[in-house]
Structure formats: structure tokens, C-alpha cells
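1. Fold the stuff below for me.
(chains A, B, C and D)
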Number of protein chains: 2
Amino acid sequence: MKAGTDLAQIGSLVGDPARANMLAALMGGTALTASELALEAGVALPTASAHLAKLSDGGLVSVARQGRHRYYALADHRVAAMLENIMGVAATLGPKRVLPGPRDKAMRDARVCYDHLAGEMGVAMLDSFIGRGLIRVDGERAEMSSAGASYFAGLGIDLDAMGRKRRPVCRTCLDWSVRRSHLAGGLGAAMLECILTRGWARREKDSRVIRFTPMGRREFEMMLRG
Amino acid sequence: MKAGTDLAQIGSLVGDPARANMLAALMGGTALTASELALEAGVALPTASAHLAKLSDGGLVSVARQGRHRYYALADHRVAAMLENIMGVAATLGPKRVLPGPRDKAMRDARVCYDHLAGEMGVAMLDSFIGRGLIRVDGERAEMSSAGASYFAGLGIDLDAMGRKRRPVCRTCLDWSVRRSHLAGGLGAAMLECILTRGWARREKDSRVIRFTPMGRREFEMMLRG
DNA sequence: AAGATAGTTTGCTTATGATCGAAGTATGAA
DNA sequence: TTCATACTTCGATCATAAGCAAACTATCTT
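-> Here you go, the predicted model:
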């Protein structure tokens, strides 16, 4: 009875097409303004504003005012993980995904999940880190070994600064396409940034897809092998 | 755009209070008839019937006709995991849970998740199995070591029969109260059954709570220590 | 057979909430 | 100050779907 109320509250927030499209857009990780989200959802601005107010009240998104703009983002990595999870169920349940199109294939290969790398390449990356003893995993929680600390510092990641933030450094996130875990948390975000700044890959316009260049992919795989 | 449609479809199924209550009731793991679910959701039978048809069409629940009864159950362990996940987000986001009441405390301690043990005791159990090398975990997937096989067989669990079913033997499931993994899959179900048939614990009426007897808890902890 | 129980279907009412135009507020630019 | 941009609030409309009573179907009981 009571448990159902909680479920219904979140479900109804996600259950409206316009809001669902907004949330899906925000899964890309970048904060978006109300106007951009209105466009994304295909509704007029007042409508979008009302939806965003609901999402905000419900705690699914956070707002940051910057001058006359309002930047919306997913509230939490947990919200992102929940949405990924729902998408995963939809993918298996849905009215028989026929052949996965090329777009889906790219999504499965590498995509942004909130602010870190997901898809097969994300899973492969975490696998490699675990296999080389850089990270230990325990459920959703994970931690870096001392070997890991020196390794990631060597990649130019500022672990001290990361440790001072409230956000956990190591986290895992269930990948809907592969049904295995990939790396999330501050370190996951830093790794994605690292991949993008080195030019190994770039984000596809208006989508969550990450396209590796042939050379970038080689470099990435070399990194995984140590 | 497309991604949002999938989200919205599932979200709207979960988003209706009556349906959410039904799903919450089905999280208890036992299959329920349409009448029972109507009662649980607080709606008339025709209304419940319509809701169940939608849930069934949407693939969230499965139906098994038995004479003039229709037994409804969650379609899948993934659906169960998704609902747990949503509840977890609701719990952290919700209008600040004040003090967790005694009921919540019992839920956090030990409860049924679909058909296996969840809560702190479920997490402790999986921890123990991993620590003793009986099970290896990799994301949502998990597998039993040979040491594990002989150990579980020694508890009287029929692993051969389990292996013949389509259902995976070892699976992990994210625990919303602890945010760590507990054991699911066929083995998880068998372990819960084992705990109940030995009288270590019993299910609380009309709830997902599992109450360990003082003696049962001691026995359980002894088992975890090996 | 006649009843009883379990569930679905139909037809109708009602209410919720999604939508947008128009007007209002706040911030930045000229 | 004046205008423009970004967004919210208000007010009204409209569509969807949740709800139930009554009638129908199917299965079990006697």
C-alpha cells in the first residue's frame, strides 16, 4: 500500500512522454536550459516549465540558475542509474526489438551515461581495471587500490581534488545493454574526460553516442592492456 | 525522442497508484489472483482486471491460468530489480523520510525481494559466499566455484535440477536499503527456501518482511562463518 | 442440470492533468 | 531607460484514462 505510493510517484513522473524525453536528453550528462528541453520534448515553453517544476519538486532533476538561464540536470547518479535500468527493461520487454539498427549498435558500443563511459567499451574498461588490481568492486560501491591511485595519477587525474568533493570517487553502474557493470563516480567522469580531451573519441551531436576514432580505439585498447 | 518513448511506456505503467500497489504486492514473490490484487490495490474487480491487462500487455507481469483462477506474478527478475531500484530512489528522494519506523527497520534487515533474501542479512550472506570463494561476482552476473558447488549441495540444494532450468543459477541484485548486492537467481531462491524450511525465519503476514527467530539468526550467522 | 465463483467486457461518468496563448517577472543588453 | 531574452504563472480547453455497475464467459461444485 505504502510502498506502492512511492513507486507510483516516481513512475508517474517518468511516465509522461514529454518528461521522459527530457530525462532521456539529460542522460547525456550536460545540463540543459528549459528552452532546450522544451525543444527536445516537442512541447511549448510553458508546458516544459510545468514539467520541469514537477521533476524538480519530485527530486529527479536539479536546477542551477545562471543569470536569466536555468540549467537543469539529473539530480543524482542514482537517478541516472535508475533511468538506465528502466531503459534496459524496456529494451528486453519492448515489442520485440527487431534488428538493432546501426544507431543502437553504436549506443551499445560506447555512450555517455550521465557523465561517464557506458556500453561495451565502458564495461571492458572496468573489467581491465579490476583484472589489473587497480580497483576492487563490492556491489555498487568500489574502491581504488594503492596501485590504482598511482596509475590514475599517472594519467593526469587529480585524485586529491576529487577526494575533497562530496561525490564518491569510485562507483559502479549497471549497463543496460550488456547487463554488467561499468565505472561511474568521479573517477568514471574523469576517465571519460580523459578520453575526450586526448581526442580518442568525440561525442555525437544531439545523442549519447560516443564515436571512437580508429586510432583512438587502438590507444584505448592499449591502455586497457596496461 | 525515441529513448524517451520507452521510458514513458514503462513509467506510465508503474505510475498509476493502483498498478503500483499491485506491483509492490507482487514484489513479495508469491503469485496472486486478480481478486487478491484488486483488494491490495483498493479498486473494484473490473478496474483491477483492466490494470492487469495493461501490465500484462506491457510485459511487466506474467499470467498463469489455473482453472478459474488467474495467477499473476512479476514477469522477470529484471522487473523485480527495476522496481527495487525505483523504490530505492524514492526512499532517498522522498519527502525526507523522518525516523525510519520499526517496520522500515525490519524491511532493511531482512525482506523478500521477488523470491530471494534481501536486506542487510541478504547482503551479508552474499558477502560471506564471496569471501569464502564459493561465488565469484561480475556485475549482475555471477558464478559458482567448484567449492561452492559442493558446499551448496551439502546444504541439500539440488543443483542439477536448477541447472536444467532456463533461469540463471547465480545472479546479483542491487539492494535499495544497503546499496550493495545480494544473491538472486535460482540459488538465491533456494537459499531463502532453505532458511524458511529450517525454521530459522518466517514471512510476516501481508508484507515482505522476514522475521528471524533469535535462534534462527544464530544459526544463520554460524552458517555465514562457515 | 442449476448454482456459485472468478474473471473479462461493455458502456458510461468523471476527474485528472497535459496543453498552449496571453500576461507577468526577472535578468541582461543597448 | 528601453528593449529583448528566458522563464514562470494564469486561465481556459481538451483528451485520456481511471473508475464502477451491469452484463457476459468460463470453470468448478453439487
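
2. residues in contact with the most centrally placed residue in chain A?
-> Central residue of chain A (CA atoms, centre = their mean): A:Cys113, 1.7 Å from the mean position. A:Cys113 is in contact with A:27, A:29, A:80, A:84, A:122, A:173, A:175, A:182, A:184, A:208, counting by CB atoms under 8 Å, 6 or more residues apart in numbering or on different chains. Every C-beta, even on glycine, is put in place using the N, C-alpha and C of the backbone.

3. isn't the first one right up against A:Met107?
-> By that I understand A:Met27. No: using CB atoms under 8 Å, A:Met27 makes no contact with A:Met107, being 11.1 Å away.

4. List the residues that are in contact with both of these two.
-> By CB under 8 Å, 6+ apart, the residues touching both A:Met27 and A:Met107 are A:Arg208.

5. what pLDDT does A:Met1 get?
-> We have a pLDDT of 52 for A:Met1.

6. again, but for A:Pro95
-> 57.

7. Mind listing what's buried along the helix or strand of chain A with the lowest mean pLDDT?
-> Taking mean pLDDT, DSSP states H and E as the measure, chain A has helix A:102-109 as its least confident helix or strand, at a mean of 82. For helix A:102-109, a neighbour-count test (16 or more other CB atoms under 10 Å in any protein chain shown) marks A:106-109 as buried.

8. what about that helix, near chain B?
-> No: judged by CB under 8 Å from any CB of the partner chain, helix A:102-109 stays clear of chain B, getting no closer than 8.7 Å.

9. can you check stretch A:8-23 too?
-> Yes: applying CB under 8 Å from any CB, one finds stretch A:8-23 touching chain B at A:8-17, A:19-23.

10. Surely A:Val196 touches A:Arg202?
-> If you look again at residue A:196, you'll see it is Leu, not Val. Yes: between A:Leu196 and A:Arg202 a contact is recorded at 6.7 Å, counting by CB under 8 Å.

11. Check the offset of the lengthiest helix in chain A from the chain's centre.
-> Using DSSP state H, we find that the single longest helix of chain A is helix A:77-93. Distance, stretch centre to chain centre, for helix A:77-93: 11 Å (CA atoms, centre = their mean, to the nearest Å).

12. so it versus helix A:102-109, what angle?
-> 130 degrees (axes from the mean of the first three to the mean of the last three CA atoms, to 10 degrees).

13. Doesn't A:Ser49 belong to a strand?
-> No: the assignment for A:Ser49 (DSSP: H, G, I helix; E, B strand; the rest coil) gives helix, which keeps it out of a strand.

14. So which residues on chain A come close to DNA strand C?
-> Contact residues (CB under 7 Å from any atom of the strand) of chain A with DNA strand C: A:12, A:16-18, A:43-44, A:46-47, A:50-51, A:54, A:67-68.

15. those helices in chain A, which residues are they?
-> Counting by DSSP H, the helices of chain A are A:2-15, A:17-26, A:34-41, A:45-57, A:77-93, A:102-109, A:120-131, A:146-154, A:159-164, A:185-197, A:214-225.

16. Export only the CA atoms of the longest one, formatted as PDB.
-> Extracted as PDB, the C-alpha positions of helix A:77-93 are listed here (Å, rounded to 0.1, in the frame of the first residue of the first chain):
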ATOM      1  CA  HIS A  77      23.900   9.500 -10.300                       C
ATOM      2  CA  ARG A  78      21.300   7.200  -8.700                       C
ATOM      3  CA  VAL A  79      18.600   8.800 -10.800                       C
ATOM      4  CA  ALA A  80      20.700   8.200 -13.900                       C
ATOM      5  CA  ALA A  81      21.300   4.600 -12.900                       C
ATOM      6  CA  MET A  82      17.500   4.100 -12.300                       C
ATOM      7  CA  LEU A  83      16.700   5.500 -15.800                       C
ATOM      8  CA  GLU A  84      19.300   3.300 -17.400                       C
ATOM      9  CA  ASN A  85      17.800   0.400 -15.600                       C
ATOM     10  CA  ILE A  86      14.300   1.200 -16.800                       C
ATOM     11  CA  MET A  87      15.600   1.600 -20.300                       C
ATOM     12  CA  GLY A  88      17.200  -1.800 -20.000                       C
ATOM     13  CA  VAL A  89      14.000  -3.400 -19.000                       C
ATOM     14  CA  ALA A  90      12.200  -1.600 -21.800                       C
ATOM     15  CA  ALA A  91      14.700  -2.900 -24.300                       C
ATOM     16  CA  THR A  92      14.200  -6.600 -23.300                       C
ATOM     17  CA  LEU A  93      10.500  -6.300 -22.800                       C
END
